[in-house]
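Enquirer: I would like to see how this sequence folds:
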Amino acid sequence: MKNFARENPIFDYIFNFYDVMVMMSAVMAVLLIIPLLLKREKHASDYWLSAFLFSQGATSLNIIFLYNETLGPLTFETLFPFHYTFLRILYGVQGFLLLCYVKAMMGEKNRIVTKITTGACLIFIVLMVVEISITLRFPKVPVQVLLGSIFFQILSIILGIYALYRLRLYDKKIRHNYSNIEQVKLKWLWFTALGFVCVWGLVLSSSVIGAFGFYNFAIQLGTIANLPPVFLMSAMVIYGQSLPINATLFDPDQPDHANSKAEESIVIATSEQQAQIEDLMLRVKIYQDPELRLEGLADSLDISPRTVSSLLNGYYQKNFYDFINFYRVKDAQQQLEDPNNKSKTIQRVFEDAGFNSKTTFNTLFKKITGKTPTEYRSQPS
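Expert: Below you'll find the predicted structure:
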């Protein structure tokens with residue numbers, strides 16, 4: 001492949017352009033870290049995100065120093081047999097840092113020293129000792145691909161998948177506590193985390209394929225995998241900083257009302273509680289408060305939030321989010337049916353009903369009624 005590159009100027013140009021693109025990831029990481037660390041009010045999520053961005057930038061730099069035609073041989077001669085060690089650490093730590101950032105954005109505390117991190121460090125030491133020992137004795141055998149690299153790439157993928165799982169649980173949890181979730185949902189983080197997991201999957205595939213001798217195909221996969229991080233990093237910072245810090249809105253000490261199945265089976269809504277709930281919904285119209293949370297409804301009913309959650313799930317077969325927004329949609333239907341509201345804008349309608357997002361309102365309205373608000377208003381009475 002090197003001979004082909006030297007005989008074809010176009011290939012040289014593409015290769016140089018690729019180097020520049022990979023370098024852009026490192027430069028972008030630095031440019032994104034600086035404002036995060038210079039913020040007046042920093043949160044734990046800012047530090048974890050900065051550490052994650054640093055690992056991405058450092059990986060890009062390391063790849064250039066290891067695989068560039070000019071710098072690669074020099075790096076190999078200078079650092080042998082430790083030339084791959086730093087890249088191994090970066091591969092392993094990326095999944096851990098992503099998980100920590102996800103947990104920080106969910107308002108959870110992180111512990112650095114755990115059984116998992118301790119075990120991973122011990123395995124890393126053992127693998128590196130074995131790898132370096134074999135590399136010194138058989139310099140031409142690519143055992144580094146079969147040992148440290150693959151293990152830590154798999155480790156990051158597993159931690160990344162676990163982070164995606166935790167984000168799914170978080171999405172369910174906020175629906176049991178919030179009536180409007182636009183300010184606390186982390187859908188953007190789920191997609192960016194998924195992007196990084198896919199990138200790590202490509203890197204792992206490249207390592208495995210290269211270990212079996214298919215070097216050209218492995219290089220192509222590695223090339224593809226090294227380009228998306230610059231865009232994923234930018235998206236992660238832009239969304240993370242343009243939206244409110246969810247860790248400040250979500251109380252980490254708040255009990256998880258979503259997991260009260262045992263209580264749901266024994267809590268039965270009394271006729272008095274049903275009457276109270278219906279009174280709050282139909283007469284008081286408590287749902288019109290866009291900031292209404294489960295605790296607010298519980299205070300109005302003078303019962304515990306967990307009991308309210310159990311009642312809604314057990315008796316009404318709805319979580320708090322679906323229950324409140326059902327009444328909001330019904331309220332919007334009444335407004336649209338009223339001839340006196342013909343001049344009332346759709347935005348005013350959904351705001352008066354308690355929604356704070358037009359997209360959410362349109363989605364839920366069509367889900368419940370089968371029509372868009374405009375179609376519902378224009379239908380014959």
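Enquirer: and Tyr47, how many neighbours?
Expert: 16 (other Cβ atoms under 10 Å). C-betas here are computed from N, CA, C, even on glycine.
Enquirer: Now do the buried residues in whichever helix or strand it is part of.
Expert: Here Tyr47 sits within helix 44-67, counting by DSSP states H and E. Under the neighbour-count criterion of 16 or more other Cβ atoms under 10 Å, helix 44-67 has 44-67 buried.
Enquirer: repeat for stretch 305-320
Expert: By 16+ other Cβ under 10 Å, the buried positions in stretch 305-320 come out as 305-315, 319-320.
Enquirer: Return the subset of those residues lying in helices.
Expert: Those of the buried residues of stretch 305-320 mapping onto helices are Pro305, Arg306, Thr307, Val308, Ser309, Ser310, Leu311, Leu312, Asn313, Gly314, Phe320, per DSSP state H.
Enquirer: In the protein, what helix or strand scores lowest on average pLDDT?
Expert: One helix or strand of the chain scores below all others by mean pLDDT, DSSP states H and E: helix 2-7, with a mean of 40.
Enquirer: Show me the shaky parts of the stretch 51-200 of the chain.
Expert: By pLDDT under 70, the low-scoring segments of the stretch 51-200 of the chain are 139-148.
Enquirer: quick one on the thing from earlier: give the next helix or strand downstream of the helix holding Tyr47.
Expert: helix 71-79.
Enquirer: Does anything pack onto that next one? Which helices or strands?
Expert: Helices and strands touching helix 71-79, by 3 or more Cβ pairs under 8 Å, 6 or more residues apart in numbering; DSSP states H and E, are helix 44-67.
Enquirer: and the helix it packs on with helix 71-79, angle?
Expert: Using axes from the mean of the first three to the mean of the last three Cα atoms, to 10 degrees, the inter-axis angle of helix 44-67 relative to helix 71-79 is 100 degrees.
Enquirer: Which strands or helices does helix 44-67 pack on?
Expert: Here helix 44-67 touches helix 9-38, helix 71-79, helix 85-105, helix 229-242, going by 3+ Cβ pairs under 8 Å, 6+ apart.
Enquirer: Out of those helices, which one sits most buried?
Expert: Neighbour counts (mean count of other Cβ atoms under 10 Å) averaged over each of those peak at helix 85-105, with a mean of 23.
Enquirer: So what touches stretch 225-239?
Expert: For stretch 225-239, contacts defined as Cβ atoms under 8 Å, 6 or more residues apart in numbering pick out 18, 21-22, 24-25, 28-29, 32, 36, 49, 53, 56, 59-60, 63, 188-189, 192, 195-196, 198-200, 202-203, 206.
Enquirer: Phe86: what's it in contact with?
Expert: By Cβ under 8 Å, 6+ apart, the neighbours of Phe86 are Ala58, Asn62.
Enquirer: Distance of it relative to Asp331?
Expert: Separation of Phe86 from Asp331 (Cβ to Cβ, to the nearest Å) stands at 59 Å.
Enquirer: again, but for Ala193
Expert: From Ala193 to Asp331 the distance is 36 Å (Cβ to Cβ).
Enquirer: Give me the more crowded residue out of the two.
Expert: Between Ala193 and Asp331, counting by other Cβ under 10 Å, Ala193 is the more crowded of the two (24 against 21).
Enquirer: Tell me if I'm right that that one and Gly160 touch.
Expert: Yes. Ala193 is within contact range of Gly160, at 6.3 Å (criterion: Cβ atoms under 8 Å).
Enquirer: anything in contact with each of the two?
Expert: When contacts are counted by Cβ under 8 Å, 6+ apart, Ala193 and Gly160 have Leu98 as shared neighbours.
Enquirer: quick one on the thing from earlier: redo the helices and strands packed on helix 44-67 as TSV? Include distance to Arg111.
Expert: TSV is the format used below for the helices and strands packed on helix 44-67 (distance: least, Cβ to Cβ, whole Å):
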stretch	distance to Arg111
helix 9-38	22
helix 71-79	33
helix 85-105	9
helix 229-242	22
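Enquirer: do you know which of these lies nearest Lys371?
Expert: Of all those, the one in closest proximity to Lys371, counting by Cβ to Cβ, is helix 229-242 (31.8 Å).
Enquirer: got the angle for that closest one vs helix 44-67?
Expert: For helix 229-242 against helix 44-67, the angle by the same axes, to 10 degrees is 170 degrees.
Enquirer: Many thanks, we can stop here.
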